[in-house]
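Participant: sequence first, predicted coordinates after that:
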Amino acid sequence: MQIGFIGTGKMGLPMARHLAAAGHEVTGFDLAPAVLDAARQAGLKTADSMAEASRGKDVVFSSLPHDAAFEAVGGQVAELAAPGTLYIDTSTVSPQASARVAAALAQRGVRYLRVTVSGNNKMAEAAQLTALVSGPADAYEQAKPLLAALGPVQFYLGDAEQARLMKLVVNLMIGLTSGMLAEALTLGAKGGLKWQDMWSVITASAVAAPIVKAKSVQLVEHDYTPTFTVDQMLKDVGLILDAGADLRVPLSLTALLGQMLQGAAAQGMAGDDYAAVIKAARVGAGLRGLE
């Protein structure tokens, strides 16, 4: 297939490379010259414009940072892609923005799949992303072989914005896990428990969910190198709270998580991994050392 891929950053580039490795002709595009150059150096064919990445393609993918970028790109895909083209967006954006783009694409006869992906950049590199899919069922059937190149598991959730909401549900739980760990570990540390001992017990206990075990490898060493930053999680928390307001669902714990993330950002941790809420909680409790 002829595939255009718009947004070749830390998530988009590995996905585009996997599609190319599966035998498709993939053309990447990104507004950031350095990002596009990195795609070129990684062996990906690149375009100089949105038009070049969209016109004449069987499928156009996108991986974008926020609603504004997504709506801008989705609108251009509607204008540039031929009727019958399949547009697959993998971004974490609001259901409302997605619905607006869906309307614009439908007017132009461009088919649209919402394919939110669960997993970080390391999982993208390893082709271990989980795809949460919604949109026309026939489009999903066409896209299955493409999605299989990104990871082994796909869930088809419905014909509209279900994938957008499901991604927010998952990220709500991931974010709150970091808040839970922040308070629990700070309580233990302030009471004299050793950091390594707490992690040994937690990862062997009933609360040792896969995300806890995965994070423990870095966090036991107080390593907050980002896979997903504080600022990125703050963006997602904003989307989650907006969805709650739209659906009239009170999200008290999520609102508290937002304040914890704001506190971490205010302490200079905005670019750290979102689990830096743990570090911020320790500082707030007067724990300055690492034990």
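Facilitator: Perfect, I can see it now. Numbering: from 1, shown residues only.

Participant: now for the chain: which strand has the highest residue count?
Facilitator: For the chain, the strand with the greatest residue count under DSSP state E is strand 111-118.

Participant: neighbouring contacts of it?
Facilitator: With Cβ atoms under 8 Å, 6 or more residues apart in numbering as the contact definition, strand 111-118 has outside contacts at 11, 15, 84-92, 98, 101-102, 105-106, 124, 129-136, 139-140, 143, 147, 150-151, 161-164, 166-167, 170. All C-beta atoms are positioned from the backbone trio N, CA, C, and that covers glycine.

Participant: can you list the strands that that strand pairs with?
Facilitator: strand 86-89 (parallel), strand 130-134 (antiparallel) (DSSP bridges).

Participant: now for the residue lying closest to residue 182 once chain neighbours are set aside: which residues touch it?
Facilitator: Using Cβ to Cβ, 6 or more residues apart in numbering and skipping the chain neighbours, the partner closest in space to residue 182 is residue 281 (4.0 Å). The neighbours of residue 281, taking Cβ under 8 Å, 6+ apart as the test, are 182, 183, 185, 186, 260.

Participant: hmm, which two among the residues you listed are most spread apart?
Facilitator: Farthest apart among those by Cβ to Cβ are 185 and 260. That separation is 13.1 Å.

Participant: out of these two, which sits in the busier spot?
Facilitator: Between residue 185 and residue 260, counting by other Cβ atoms under 10 Å, residue 260 is the more crowded of the two (25 against 21).

Participant: with adjacent residues omitted, what lies nearest to the more buried one?
Facilitator: In space, and not counting its chain neighbours, residue 260 is closest to residue 277: 4.6 Å by Cβ to Cβ, 6+ apart.

Participant: okay, buried residues for the one helix or strand the one you found maps to please.
Facilitator: In this structure, residue 277 is located in helix 276-284 according to DSSP states H and E. Across helix 276-284, burial judged by 16 or more other Cβ atoms under 10 Å covers 276, 277, 278, 279, 280, 281, 282.

Participant: for it, give the mean pLDDT please.
Facilitator: Mean pLDDT, helix 276-284: 97.

Participant: mind listing what the residue nearest to the spatial centre of the chain touches?
Facilitator: Among the residues of the chain, the one closest to the centroid is residue 92, at 5.5 Å (Cα atoms, centre = their mean). Residue 92 sits next to 116, 167, 168, 171, 236, 239 when contact means Cβ under 8 Å, 6+ apart.
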